[in-house]
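Sequence unavailable; structure follows:
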Ligand code: DX5
Ligand code: ZN
């Protein structure tokens, strides 16, 4: 029923190629369908349209009628919303309309609005022999999983990395982030041994914590992380992420971070196979995939990292974990969409935010890519 409450706020949704997707807030008592709904029939839809009813909600199910070129060409349903995930079904009449890309457009529109309404995840169960639908969901960033066919995450978080901030004006830059749509602040700690660069440590983290109530996401690029994870958690990190390659005892690091009251992340470098994380996933809050060699801001994004993200997304589904995927290195508004589509929820962005003329605008562009 929550779905009903949330989605009913939408009245009319504009999209580039589709004229409108409309829904109405019908009285559930008189709504003609209940979930699970009977098969779609064109006559039904035509009848709704002639009654000037363009969509309806019944029994926790949302149906959107898709109109293009002045006629109703199909419908999209959202149902079985459990507070996080909603199932999505789509129907487009006629092969011709399919070819025009209406289905893709309608699904993208729905995804955008699901995001605005804070529906975190969408899933779609598609029959094996329905190649057209499988291709459609794949095009719209749904990832194939084992337990239900396709899965797509709607959560988008930008974590600007203060490695690229102006350290002479750090307070000003944090204030800017406080006013921005970035939900997290990414703090890169480098020891000059695990990576060939030295950044900063506790003396910087503490004033950042004082200056912001945003989520502080600390990325430790240091050897022997067990020696410091607790102190980073106590210095105000909400998430403490250490490198798999740097930890002798992964389980001990996880325990130490959790005992200190922070959320736990593990990061892997570009050459590390995500399979090494399988056994740890159920105990993690986040996996951080490096899309550059750690050490420096401003490097180019490695597109191979997208396959790792897809693999991890499948692995998280398989173990029924509830673990975010973050990506770090070379992200800007130009590649943010494919990154989110691969199943990433949190993107780190250093130079593309702080190097922009208008950093707040750059954050919005990433979020809305
Ligand atoms: C690299 C750091 C990144 C870096 C990202 O080792 O972990 O967080 O600051 O910077 P950009 O977005 O410029 O690649
Ligand atoms: Zn980082």
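Structure's in. What do you need? No experiment lies behind these values; they were computed from the predicted model shown. Residues are numbered from 1 along each chain as shown. Ligands and ions are numbered 1, 2, ... in the order given.

Ligand 1 contacts on the chain?
Contact residues, the chain versus ligand 1 (Cβ under 6 Å from any ligand atom): 161, 163-164, 186, 188, 219, 292, 294-299, 328-331, 348-352. To be clear about C-beta, it is placed using only N, CA and C from the backbone, and glycine gets the same treatment.

Filter the residues you listed down to the buried ones.
161, 163-164, 186, 188, 219, 292, 294-297, 328-331, 348-352 (16 or more other Cβ atoms under 10 Å).

Phi and psi next, for residue 131.
Dihedral angles of residue 131 (phi, psi; degrees, to the nearest 10) stand at phi -60, psi -40.

So what sits opposite the residue of the stretch 251-369 of the chain found nearest ligand 2 in the bridge?
Proximity to ligand 2, evaluated over the stretch 251-369 of the chain using Cβ to the ion, is greatest for residue 328 at 4.3 Å. Assessed by DSSP bridges, residue 328 has beta-bridge partners residue 290, residue 348.

circling back to that earlier point, out of the residues of the chain next to ligand 1, which sit inside helices?
Counting by DSSP state H, the part of the residues of the chain next to ligand 1 found in helices is 351-352.

Model confidence for the residue of the chain found nearest ligand 1, exactly?
Ligand 1 sits closest to residue 350 of the chain, with a gap of 2.8 Å, by Cβ to the nearest ligand atom. Residue 350 carries a pLDDT value of 98.

Residue numbering should commence at 352 henceforth.
Sure, I'll start counting at 352 from here, so that last one is residue 701.

residues contacting it?
511-512, 514-515, 537, 539, 648-649 (Cβ atoms under 8 Å, 6 or more residues apart in numbering).

If we use 10 Å, what do you get?
510-516, 537, 539, 647-650, 679-683 (Cβ atoms under 10 Å, 6 or more residues apart in numbering).

Span of stretch 537-548 from start to end?
The first and last residues of stretch 537-548 sit 17 Å apart, counting by Cα to Cα, to the nearest Å.

same question, stretch 674-687
One end of stretch 674-687 sits 20 Å from the other (Cα to Cα).

Name the residues of it that are buried.
Counting neighbours by 16+ other Cβ under 10 Å, one finds that the buried residues in stretch 674-687 are 674-684, 686-687.

can you check stretch 703-720 too?
Under the neighbour-count criterion of 16+ other Cβ under 10 Å, stretch 703-720 has 703-705, 707, 710, 713-718, 720 buried.

just stretch 588-602 next, same as before
Across stretch 588-602, burial judged by 16+ other Cβ under 10 Å covers 588-598, 601.

Among those residues, which are located in strands?
Residues of these located in strands (DSSP state E): 590-594.

So which of those residues is the closest to ligand 2?
Using Cβ to the ion, residue 592 is the member of these that lies nearest ligand 2, at 8.1 Å.

burial measure for the closest residue to the closest one other than its chain neighbours, as a count.
Nearest residue to residue 592 in three dimensions, chain neighbours excluded: residue 616, at 3.2 Å (Cβ to Cβ, 6 or more residues apart in numbering). Residues near residue 616, counting by other Cβ atoms under 10 Å, number 25.

in what helix or strand does residue 616 lie?
strand 614-619 (DSSP states H and E).

That strand packs against which elements?
Secondary-structure packing of strand 614-619 (3 or more Cβ pairs under 10 Å, 6 or more residues apart in numbering; DSSP states H and E): strand 566-572, helix 580-585, strand 590-594, helix 601-610, strand 637-641, helix 656-669, strand 675-679.

hmm, back to that, okay, the ones in strands among the buried residues of stretch 588-602 in CSV with distance to residue 667 and pLDDT next?
CSV is the format used below for those (distance: Cβ to Cβ, whole Å; pLDDT from 0 to 100):
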residue, distance to residue 667, pLDDT
590, 16, 97
591, 19, 98
592, 16, 98
593, 19, 98
594, 19, 98
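
TSV please, covering the residues you listed and showing distance to residue 630.
Formatted as TSV, these follow (distance: Cβ to Cβ, whole Å):
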residue	distance to residue 630
590	20
591	20
592	18
593	16
594	17
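
Max pairwise distance over those residues: which two?
For those, the maximum inter-member distance is 14.0 Å, found between 590 and 594 (Cβ to Cβ).

Look up how far residue 592 lies from the residue of the stretch 452-601 of the chain found nearest ligand 2.
Nearest to ligand 2, among the residues of the stretch 452-601 of the chain, is residue 570, at 3.7 Å (Cβ to the ion). Note on residue 570: its distance to residue 592, by Cβ to Cβ, to the nearest Å, is 5 Å.

shared neighbours, these two?
With contacts defined as Cβ under 10 Å, 6+ apart, the residues adjacent to both residue 570 and residue 592 are 537-538, 540, 583, 616, 618, 639, 677, 679.

hey, where'd the helices end up in this structure?
Using DSSP H, helices in the chain cover 353-358, 393-401, 446-450, 453-467, 482-490, 521-529, 553-562, 580-585, 601-610, 656-669, 687-692, 702-705, 710-718.

least reliable of those helices going by mean pLDDT?
Across the helices of the chain, helix 353-358 has the smallest mean pLDDT, namely a mean of 31.

pretty sure residue 473 is touching residue 463, no?
No: counting by Cβ atoms under 10 Å, residue 473 does not reach residue 463; the two are 11.7 Å apart.

Neighbour count for the two, which is higher?
Ranked by neighbour count (other Cβ under 10 Å), residue 473 and residue 463 place residue 473 first, with 25 against 14.

Check what pLDDT residue 385 gets.
At residue 385, pLDDT is 32.

In strands, which of the contacts of residue 701 fall?
510-511, 537, 539, 679.

Just the closest of these to residue 481, please.
Nearest to residue 481 among the ones in strands among the contacts of residue 701, with distances taken as Cβ to Cβ, is residue 679, at 36.4 Å.
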